[in-house]
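Asks: Sequence unavailable; structure follows:
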């Protein structure tokens with residue numbers, strides 16, 4: 001993409017030079033007409049549709065970098081998540097088991113008078 005942008009700017013500047021503009025002015029006018037190069041590249045990448053994958057990778061790298069900077073925080077965060085997930089799983093498992101037992105008792109008493 002970088003090469004395409006460069007070629008586009010070069011061709012635009014050449015066309016201006018052929019119409020009588022100076023080389024320096026032609027390059028400036030071509031860049032001004034084209035607009036923000038990085039913004040154009042970003043919008044083009046968004047149209048391609050794979051930006052979410054790049055964003056996920058960048059977020060993961062940033063998260064790892066932050067966690068590795070402060071290992072004590074990383075350990076506390078991971079342990080907190082593990083404890084919370086474990087406690088939630090245990091509560092849902094216990095409530096599901098109690099609901100199963102209660103339903104079995106309810107249905108057996110209504111079927112067998």
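Replies: In hand now; what should we look at? Please read these numbers as outputs of a predicted model, since none were measured by experiment. Residues are numbered from 1 along each chain as shown.

Asks: now the worst-scoring helix or strand of the chain on mean pLDDT: how far from the chain's centre is it?
Replies: The weakest-scoring helix or strand in the chain, judged by mean pLDDT, DSSP states H and E, is helix 37-48 (a mean of 80). With Cα atoms, centre = their mean, to the nearest Å as the basis, helix 37-48 stands 16 Å off its chain's centre.

Asks: Equivalent analysis for stretch 70-85, please.
Replies: With Cα atoms, centre = their mean, you get 23 Å for stretch 70-85.

Asks: quick one: average pLDDT of that stretch?
Replies: Throughout stretch 70-85, pLDDT has a mean value of 94.

Asks: Whichever helix or strand comes after the least confident helix or strand of the chain vs helix 37-48, what angle?
Replies: Using DSSP states H and E, the next helix or strand after helix 37-48 towards the C-terminus is helix 51-69. Interaxial angle, helix 51-69 versus helix 37-48 (axes from the mean of the first three to the mean of the last three Cα atoms, to 10 degrees): 110 degrees.

Asks: so what does helix 51-69 touch, helix or strand wise?
Replies: helix 71-111 (3 or more Cβ pairs under 8 Å, 6 or more residues apart in numbering; DSSP states H and E). All C-beta spots, glycine's among them, are computed from the backbone N, C-alpha and C.

Asks: let's see 10 Å
Replies: helix 37-48, helix 71-111 (3 or more Cβ pairs under 10 Å, 6 or more residues apart in numbering; DSSP states H and E).

Asks: Output the ones you listed as TSV; include the columns distance to residue 8.
Replies: Compiled in TSV, the helices and strands packed on helix 51-69 are given as follows (distance: least, Cβ to Cβ, whole Å):
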stretch	distance to residue 8
helix 37-48	9
helix 71-111	46
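
Asks: what's in contact with the least confident helix or strand of the chain?
Replies: With contact meaning Cβ atoms under 10 Å, 6 or more residues apart in numbering, helix 37-48 is reached by 1-2, 4-6, 8-9, 31, 34, 36, 51-52, 54.

Asks: Kindly report the same for stretch 23-35.
Replies: Contacts for stretch 23-35 (Cβ under 10 Å, 6+ apart): 5, 8-22, 37, 40.

Asks: In the protein, where is pLDDT below threshold?
Replies: Along the chain, segments meeting pLDDT under 70 span 105-113.
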